[in-house]
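[1] Take this sequence and fold it.
(3 chains)
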Amino acid sequence: MTIARTPQARIRRLRRDALPADTETLARHLLGRFVVRTLDGERLVGRIVETEAYLPGDAASHAFRGRTPRNGSMFLRRGHAYVYLAYGSAWMLNVSSESADVGAAVLIRALEPVSGLATMARLRGDPPARDLARGPGRLAQALAIDRALDGLDLCAAGAIWLGESDGAPVEPGVSVRIGITRDADRPLRYYVPGNRNVSGPARLNRGMPGIA
DNA sequence: AGTGCGATTGACT
DNA sequence: GTCAATCGCACTA
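    Numbers count the residues shown, from 1 in each chain, chains lettered A, B, ... in the order given. Purely as a prediction, here's the structure:
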């Protein structure tokens, strides 16, 4: 397998005090950054190519009805993992995004695999290469993400953290969020135009190759 | 204690 | 393109 475009070396951890202080800006900021997962001594790395913002007071957010045992990690100060199970089978990785006790997060929806592709493929059951981490449930499976990682500090060294490397900032494509029913018309989904690992229906992915 | 419903995916027409 | 599996969780009583 060959992956050329993205630099693998010299990924440094994101500093919490460098994270944008509001959820929407953080969701854009995370595009082009990296999720770094250490599993059995191996480093699995993916470049973030798709995110969604779940804002304070957002009716589509799990935090909308207040703090519960499940969504507690959304109320940690920005930069912590909120991991939950959707539809009984798919784990979702989010990054808490506001001050402590506010309740908001950015959903990581897709990664471009960078390192550890063989392990990711094994964890995923050898799917087509393009689908390794295309979609929130798939990326969690590729990186062995589950409830055990809920609440971890993604700005600290450990089993999973957020990183960045050198490179031009990404100008995101924007669309409505996928798979929600309430507040479904708000443009809070962001993606890297043209990236093959972006999920979602073609009509939402303007700027992708072959799409008007 | 019972019920309804997903921030999805994979299989199938 | 359509569609159902699947189960934890929040909500009602």
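
[2] quick one: the nearest residue to residue A:198 once chain neighbours are set aside and residue A:110, what's the gap?
    Spatially, and ignoring its direct neighbours in sequence, residue A:198 is nearest to residue A:191 (4.6 Å; Cβ to Cβ, 6 or more residues apart in numbering). No exception for glycine: its C-beta is placed from N, CA and C like everyone else's. For residue A:191, the distance to residue A:110 equals 8 Å [Cβ to Cβ, to the nearest Å].

[3] where do the contact lists of these two overlap?
    Residues touching both residue A:191 and residue A:110 comprise A:49, A:50, A:198, with contact defined as Cβ atoms under 8 Å, 6 or more residues apart in numbering.

[4] quick one: is stretch A:18-25 near DNA strand B?
    No: Stretch A:18-25 lies out of reach of DNA strand B by Cβ under 7 Å from any atom of the strand, never closer than 10.4 Å.

[5] nearest spatial neighbour of residue A:169, skipping sequence neighbours?
    Residue A:169's closest residue in space is residue A:32 (Cβ to Cβ, 6+ apart), at 6.8 Å.

[6] hmm, back to that, out of the shared contacts of residue A:191 and residue A:110, which is nearest to DNA strand C?
    residue A:198 (15.3 Å; Cβ to the nearest atom of the strand).

[7] what's the span of stretch A:135-150, first residue to last?
    Stretch A:135-150 stretches 19 Å from its first residue to its last (Cα to Cα, to the nearest Å).

[8] go on, stretch A:72-91?
    OK, stretch A:72-91 end separation, Cα to Cα: 16 Å.

[9] got it, and stretch A:171-185?
    Stretch A:171-185: ends 21 Å apart by Cα to Cα.

[10] Contact residues of chain A facing DNA strand C?
    Within chain A, the positions adjacent to DNA strand C are A:65, A:68-71, A:84-85, A:87-89, A:201-203 by Cβ under 7 Å from any atom of the strand.

[11] What's the local residue count around residue A:171?
    11 (other Cβ atoms under 10 Å).

[12] Look up the pLDDT of it for me, please.
    Listed pLDDT for residue A:171 reads 92.

[13] Residue A:37 too?
    With respect to pLDDT, residue A:37 has a value of 98.

[14] the helices in chain A, which residues?
    A:23-29, A:117-124, A:136-142 (DSSP state H).

[15] Mind telling me which residue is nearest the centre of chain A?
    When Cα atoms, centre = their mean is applied to chain A, the residue found nearest the centroid is residue A:108 (1.7 Å).

[16] so what's that residue closest to, chain neighbours aside?
    residue A:93 (4.8 Å).

[17] So what pairs up with the one you found in the strands?
    Note on residue A:93: beta-bridge partners by DSSP bridges are residue A:83.

[18] That one contacts residue A:83, correct?
    Yes: using Cβ atoms under 8 Å, residue A:93 is in contact with residue A:83, at 5.8 Å.

[19] in terms of contact, does the residue nearest to residue A:198 touch residue A:178 like I think?
    No: counting by Cβ under 8 Å, residue A:191 stays clear of residue A:178, with 10.4 Å between them.
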